[in-house]
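Colleague: fold the following and give me the result.
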Amino acid sequence: MGLLEGKKAPDFSLKGSDGKTHKLSDYAGKPVVLYFYPKDDTPGCTKEACGFRDLNKELQKKGATVLGISRDDLDAHNRFIEKYKLPFVLLSDPDAKVMARYGAFGKKKMYGKEVEGVIRSTVLVGPDGKVAKHWARVPKAETHPEQVLAAL
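Modeller: Presented below is the predicted three-dimensional model:
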């Protein structure tokens, strides 16, 4: 799948760590940061989540809502949130259907081998529901949240 920039962001309905079902359409009129990551409480994913945590106030000042999406279940999400004091909702996409629609699931290289799995990526959805910025592959999880803040 090519870059999504300029296209209408695909709507979704996923269960969140807060016990609610979240739809992209719930956030119409506000910027939304959807960051897709492979696994709760792993080194790269933890650095990225903590980066979004540390910049959360600045992101909120710009009106943005951050939603993390992985295949982990809600129990894993809640342990991750509690352990690192994450101030945003994590969504569970166990069958990766939403990830696939956003180009965040597919073939990737891991340790020199081609495998199928979650591709660390981020989509910034503008208030108009269109993709304002799409990072199709995030190479440096620890510095990526700063790039997202700068794009806002």
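Colleague: and the end-to-end length of stretch 109-119?
Modeller: By CA to CA, to the nearest Å, the extent of stretch 109-119 from end to end equals 10 Å.
Colleague: which other residues reach that stretch?
Modeller: 36-39, 70-71, 96, 99, 103-108, 136-137 (CB atoms under 8 Å, 6 or more residues apart in numbering). C-beta here means a position set from N, CA and C on the backbone, and glycine is covered the same way.
Colleague: looking at the residues you listed, which are in helices?
Modeller: Of the contacts of stretch 109-119, the ones assigned to helices by DSSP state H are Met99.
Colleague: which of the contacts of stretch 109-119 scores worst on pLDDT?
Modeller: Lowest pLDDT within the contacts of stretch 109-119 is found at Lys108 (76).
Colleague: okay, and the beta partners of it?
Modeller: With DSSP bridges as the criterion, Lys108 is bridged to Val115.
Colleague: residues in contact with it?
Modeller: Glu114, Val115, Glu116, Gly117, Ile119.
Colleague: apply 7 Å and report the result again.
Modeller: Val115, Gly117, Ile119 (CB atoms under 7 Å, 6 or more residues apart in numbering).
Colleague: buried members of those residues into ChimeraX, please.
Modeller: Here is the ChimeraX command that selects the buried residues among these (16 or more other CB atoms under 10 Å):
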select :117,119
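Colleague: that older thread, just the contacts of stretch 109-119: which are in strands?
Modeller: Phe36, Ser70, Phe105, Gly106, Lys107, Lys108 (DSSP state E).
Colleague: just to revisit the earlier point, which among the contacts of stretch 109-119 gets closest to Asn56?
Modeller: Tyr37 (16.0 Å; CB to CB).
Colleague: list phi and psi for the closest one.
Modeller: Tyr37 adopts backbone torsions of phi -140, psi 150, taken as degrees, to the nearest 10.
Colleague: return the distance of it relative to Asn78.
Modeller: 16 Å (CB to CB, to the nearest Å).
Colleague: the more surrounded of those two?
Modeller: Neighbours per residue (other CB atoms under 10 Å) separate Tyr37 from Asn78, with Tyr37 holding more: 26 against 17.
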